[in-house]
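>>> Following is a predicted model, sequence given first.
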Number of protein chains: 2
Amino acid sequence: MRAAQAQASLFGDPQEPSELVSASPEAAEPAPRPRASGRKARGAEGRREDAVSMAARQREISISEFFTKNRHLLGFDNPQKALLTAVKEAVDNSLDACEEAGILPDLAIEISEVAESRYRIAVEDNGPGIVRQQIPRIFGKLLYGSKFHRLKQQRGQQGIGISAAGMYGQITTGRPVRIVSRVGARKPAHLFEIAIDTQKNAPVVLKDEEVEWDRPHGTRVEIEIEAVYKKGRRSVDDYVEQTALANPHASIRYAAPREEPRLFDRVARELPPESLEIQPHPYGVELGILIRMVKETNARNLRAALRQDFSRVSAAVAEEICRVAGVAPEARPQRLSSAQVELLFRAIPKVRILAPPTACLSPIGEDLLRRGLEARVRADFATAVTRPPSVYRGNPFQVEAGLAYGGGLPAEEPIELYRFANRVPLQYQQSACAITKAALSVDWKGYGLAQARGALPTGPAVVFVHLASAWVPFTSESKEAIASYPEIVREIRLALQEVGRRLGAFVRHRRRAADEAKKRSYIEKYIPHIGDALQRILGLSDARRDRAVEDLKKILERSRKV
Amino acid sequence: MRAAQAQASLFGDPQEPSELVSASPEAAEPAPRPRASGRKARGAEGRREDAVSMAARQREISISEFFTKNRHLLGFDNPQKALLTAVKEAVDNSLDACEEAGILPDLAIEISEVAESRYRIAVEDNGPGIVRQQIPRIFGKLLYGSKFHRLKQQRGQQGIGISAAGMYGQITTGRPVRIVSRVGARKPAHLFEIAIDTQKNAPVVLKDEEVEWDRPHGTRVEIEIEAVYKKGRRSVDDYVEQTALANPHASIRYAAPREEPRLFDRVARELPPESLEIQPHPYGVELGILIRMVKETNARNLRAALRQDFSRVSAAVAEEICRVAGVAPEARPQRLSSAQVELLFRAIPKVRILAPPTACLSPIGEDLLRRGLEARVRADFATAVTRPPSVYRGNPFQVEAGLAYGGGLPAEEPIELYRFANRVPLQYQQSACAITKAALSVDWKGYGLAQARGALPTGPAVVFVHLASAWVPFTSESKEAIASYPEIVREIRLALQEVGRRLGAFVRHRRRAADEAKKRSYIEKYIPHIGDALQRILGLSDARRDRAVEDLKKILERSRKV
């Protein structure tokens, strides 16, 4: 047996699960073990492993298997969240596709209960559609897509989301994903049913046919999943509302289970400025990455390589980097030694290079943000600020914050903190998020809100923070919280302080106005009595008394204003 | 151009990056864009995308590329944490390998500074070694290993850790991982230098030679990384100490940069009971998984398939499941329809099945846990509890908690909470962890500690929680926090309440003892005066007075005891 195992591992295909070790149920199911025998090493019994028996079990793990077992990393840790995550992934894709194609998004989101704790979600868009040949891989393969390799502000960035949602549906209901897509009025619409072979991380096409569809172009995705639909905080309802808030150019028709569809109509009739793709910035590159870039560039010499593969590197900057490094700009990149690349790497921070271009960013904008807040919450005061772009690890990003105060908002509860990344609402893992950390670090008492140590402020306010970036560093694949890079936390803090200062001014102004009103009522109350007293003392006529009262009022009014 | 792109996507290999779109730097570097032009949709300018141009960019993403960009998911978000994570991954593997081979672990951990913010870490063990052919894939390929597919308590479970540490080293320093391994005294030791081709997620062997090594068997891993070494909380020093605490059978020699090596010698001279591999439990299976299992089983009929592929399913239980489902036990599994499998799936919860076997678990044990705590903190009181095994989603798990109190521990600060999963200390993301959630949910005031609302208790105490499981649900690949499955939180809470009650008893007892001592000193202080008074009043001799004082003391002592 030992010899056979050795052979299996040394000469067999190590990626095949070794039948010798795991196939027999008798071997795998443990014999009843006397727990009382305690902490005795079992080596003597000859059942422990050695290098050869261990090698027989080593094999490749497919990314689909990995996420099947670790589905909570993708946001599928419970049935309520699973529903939200599946909707979110489909909506992200629809909005990204529409914007990339320059189409004002018209979305329909439908959730219907098909059996107890089983729902069918459908997300339909008027986007550019998906070419037929790509549909199976986009929906039936994890880590496949167009967004991962681009530095550009997009909702999706990983190539995992929608196929993972489909995989979760398949795991929990056994049903494939259903897709209808059409790329143009003169092309037919295609209907697909796609399952995932999780061991291979590859699509299995169960249906592929042409169908009639009334849309000239667009995509519809249907997934059946085990789920729970609830209202309230962190619900799909809540998500749709917040998505409408952060995407004022989108029109969303939303049908919750057993309810009349609601329309969230667009507030803006124009698309946001297109976010463009950029090259990486030299300040963010790491040695190992630079070594690879230099090896793989198609440029003929080092100067050209630096210019074409990085953003903000002009010929002059490229020359300067080479000069500081002591490497010839005409050198063939592939011929450089590791040591020379390291010299280049150490030279980069010593050369002044412009900050990365920010055309890759597409913030919501102060005006739309404030209007969105005003439309959503009936507040007495609303403000918004868009910070100038900044950079972390070479990636440009931009922070926006908004704040609404007063009105019908509850005064005795912690403020509500809305978090967004690339216009996508983040609803879970609030405490793990850079936005929360930044909000906790602000001294809100200075701005007229109550705040206990280490807590969010209390008061009638809603705070909105949006991070736009070509690459958002999420704390997990489920994209629920932003990692706390110091540069990001700092920018969020500055944005919050700015809206905080404006709130402070409003609160102080309102307090002063209230004081004024109080004084005024005081004056109005007592001056007539003074008039009566004067009349009695000086023997005035009623008319002169009234005039005196008026004069007194005017004088006091004037002095109060000064 | 449009036609060429269409061709590339429709007929070319979609996994090849399309040169047509991304290779030209001029196209990628955005032209200066007039921001003032505002929110105008750019569709009219013809630069937006359509389905065909988008398809041309869709391609596969390698898992290595994914984690290069998302390295914070693996615990490499900053240089200090990177050092810790790299050490931890190597130590996890060493301890797992030793235990699996039935060898008492002797580890050496060395960290040396090779340049400014660049360190070389080396972890060496006396484990079984790794067979030569497997070394490249284990260290040069993400998602490769022997642990992922087994239900068994192990430190590693993903097949990502050590190769990711190597990849991080390569990214930040350009240096490959160096491995020496030997599987037996009669075999040569092999030295490897391995890099990762991140685009292919495949190892690149840079060196492969036989070397002299004084160990008869074992493995040594060296990784050079950009890092920061610091002392204090969440440091590598701290990690090594906690690892020694949770692994009393291991001996660890630890050499921090520029310091004399320290030895953490083993407290227990025997290995923990071996944790065995188990089959999944029917209660944890999901419909989609069951469909796949039934399709892929090698059993001839359904009864046999249920018996061999699940734990705790006897012939009788298998028959019962089939009976409730209305499916014949003799049916060929591959011939079952989806609807029939769904009937089986719905039948499982209706059949009484024993809880999963717990032989896959290897807790530390109350005795060793308490002794470890006593050795580590000089406390007045120490206790530990090991809960009976429990189950979440079909996975067995077991919780242990320990508590040390008093002594030199600071009385005015929040307690220290040590978290462990499968004997591995968790040092980051405390607030996101199920252990913290459970600790916050306990009413510690009842047990003699101060506690503000929503906060950890304050007082001179250290609390230790260990979760042992065949599959620990971590909140991210970096394995820093445990996901809050309700069953897990509940068990941790019960364990903490038990040590809390014992603490409460101790604190009350000590308080009573203090009261006693106070009373006693009172008595001792006043009785002599009463003696003097009696002497004066009754005219007693000094001897009789002393006797009266003694008698009074005895009487009071006796009545006090009652």
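Thanks, I have the structure now.

>>> Using CSV, write out every CA atom in the helix or strand harbouring residue A:87.
If you go by DSSP states H and E, residue A:87 is part of helix A:79-100. Coordinates of each C-alpha in helix A:79-100 appear next as CSV, following Å, rounded to 0.1, in the frame of the first residue of the first chain:
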residue,chain,number,x,y,z
PRO,A,79,-30.2,33.8,2.9
GLN,A,80,-31.2,37.4,3.4
LYS,A,81,-27.8,38.7,2.4
ALA,A,82,-27.7,36.2,-0.5
LEU,A,83,-30.7,37.8,-2.1
LEU,A,84,-29.2,41.2,-1.8
THR,A,85,-25.8,40.1,-3.1
ALA,A,86,-27.3,38.4,-6.2
VAL,A,87,-29.4,41.5,-7.1
LYS,A,88,-26.4,43.8,-6.5
GLU,A,89,-24.0,41.9,-8.7
ALA,A,90,-26.5,41.9,-11.6
VAL,A,91,-27.3,45.6,-11.2
ASP,A,92,-23.6,46.5,-11.0
ASN,A,93,-23.1,44.8,-14.3
SER,A,94,-26.1,46.4,-16.0
LEU,A,95,-25.1,49.9,-14.9
ASP,A,96,-21.5,49.4,-15.9
ALA,A,97,-22.5,48.1,-19.3
CYS,A,98,-25.0,51.0,-20.0
GLU,A,99,-22.5,53.6,-19.0
GLU,A,100,-19.6,52.1,-21.0
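
>>> could you give the mean pLDDT of that helix?
In this model, helix A:79-100 has a mean pLDDT of 94.

>>> If we go by neighbour counts, what in it is buried?
Neighbour counts using 16 or more other Cβ atoms under 10 Å in any protein chain shown place A:79, A:81-100 of helix A:79-100 among the buried residues. Placement of C-beta: from N, CA and C, glycine included.

>>> Can you sort out which of those residues also neighbour chain B?
Filtering those for proximity to chain B by Cβ under 8 Å from any Cβ of the partner chain leaves A:97, A:100.

>>> before we move on, the earlier item: so what does the helix holding residue A:87 touch, helix or strand wise?
strand A:106-115, strand A:118-125, helix A:161-173, strand A:218-226, helix A:236-246 (3 or more Cβ pairs under 8 Å, 6 or more residues apart in numbering or on different chains; DSSP states H and E).

>>> now with 6 Å?
Judged by 3 or more Cβ pairs under 6 Å, 6 or more residues apart in numbering or on different chains; DSSP states H and E, helix A:79-100 is in contact with strand A:118-125, helix A:161-173, strand A:218-226, helix A:236-246.

>>> I'd like to know which of these is closest to residue B:489.
strand A:218-226 (21.9 Å; Cβ to Cβ).

>>> returning to that earlier point: which of the helices and strands packed on helix A:79-100 sits closest to chain B?
Closest approach to chain B among the helices and strands packed on helix A:79-100 (Cβ to the nearest Cβ): helix A:161-173, 3.6 Å.

>>> does the helix or strand that the closest one is followed by come close to chain B?
Moving toward the C-terminus from helix A:161-173, the next helix or strand (DSSP H and E) is strand A:177-182. No: contact of strand A:177-182 with chain B (Cβ under 6 Å from any Cβ of the partner chain) is absent, the minimum separation being 8.2 Å.

>>> neighbouring strands for the next helix or strand after strand A:177-182, and are they parallel or not?
Sequence-wise, the next helix or strand downstream of strand A:177-182 (DSSP H and E) is strand A:189-197. The pairing partners recorded for strand A:189-197 under DSSP bridges are strand A:177-182 (antiparallel), strand A:202-211 (antiparallel).

>>> Strand A:189-197 versus strand A:218-226: what angle between them?
Angle, strand A:189-197 to strand A:218-226, by axes from the mean of the first three to the mean of the last three Cα atoms, to 10 degrees: 40 degrees.

>>> Can you mark which positions in strand A:189-197 are buried?
Across strand A:189-197, burial judged by 16+ other Cβ under 10 Å covers A:189-196.

>>> average pLDDT for that strand?
95.

>>> That one relative to helix A:161-173, how many degrees between them?
For strand A:189-197 against helix A:161-173, the angle by the same axes, to 10 degrees is 70 degrees.

>>> before we move on, back to that, just give me how far the helix holding residue A:87 sits from the chain centre.
Relative to its parent chain, helix A:79-100 has a centroid offset of 11 Å by Cα atoms, centre = their mean, to the nearest Å.

>>> now swap in stretch A:209-219 and tell me
Centroid separation for stretch A:209-219 versus its chain: 30 Å, with Cα atoms, centre = their mean.

>>> Straight-line length of it, end to end?
15 Å (Cα to Cα, to the nearest Å).

>>> Please point out which parts of it sit buried.
A:213, A:215, A:217-219.

>>> For the residue in the stretch 101-250 of chain A that chain B sits nearest to, give its distance to residue B:49.
Nearest to chain B, among the residues of the stretch 101-250 of chain A, is residue A:102, at 2.9 Å (Cβ to the nearest Cβ). Remark: distance between residue A:102 and residue B:49 (Cβ to Cβ, to the nearest Å) = 8 Å.

>>> And residue A:540, by the same measure?
From residue A:540 to residue B:49 the distance is 86 Å (Cβ to Cβ).

>>> ok, these two, which is more surrounded?
residue B:49 (20 against 16; other Cβ atoms under 10 Å in any protein chain shown).

>>> Please settle this for me: is that one part of a strand?
No: with DSSP: H, G, I helix; E, B strand; the rest coil as the criterion, residue B:49 is assigned coil and is not in a strand.

>>> OK, contacts around it?
By Cβ atoms under 6 Å, 6 or more residues apart in numbering or on different chains, the residues touching residue B:49 are A:100-101.

>>> at 7 Å instead, please
A:100-101, A:128 (Cβ atoms under 7 Å, 6 or more residues apart in numbering or on different chains).

>>> tell me the average confidence for whichever strand or helix holds residue A:500?
Using DSSP H and E, residue A:500 sits within helix A:486-538. Taken as a whole, helix A:486-538 carries a mean pLDDT of 86.
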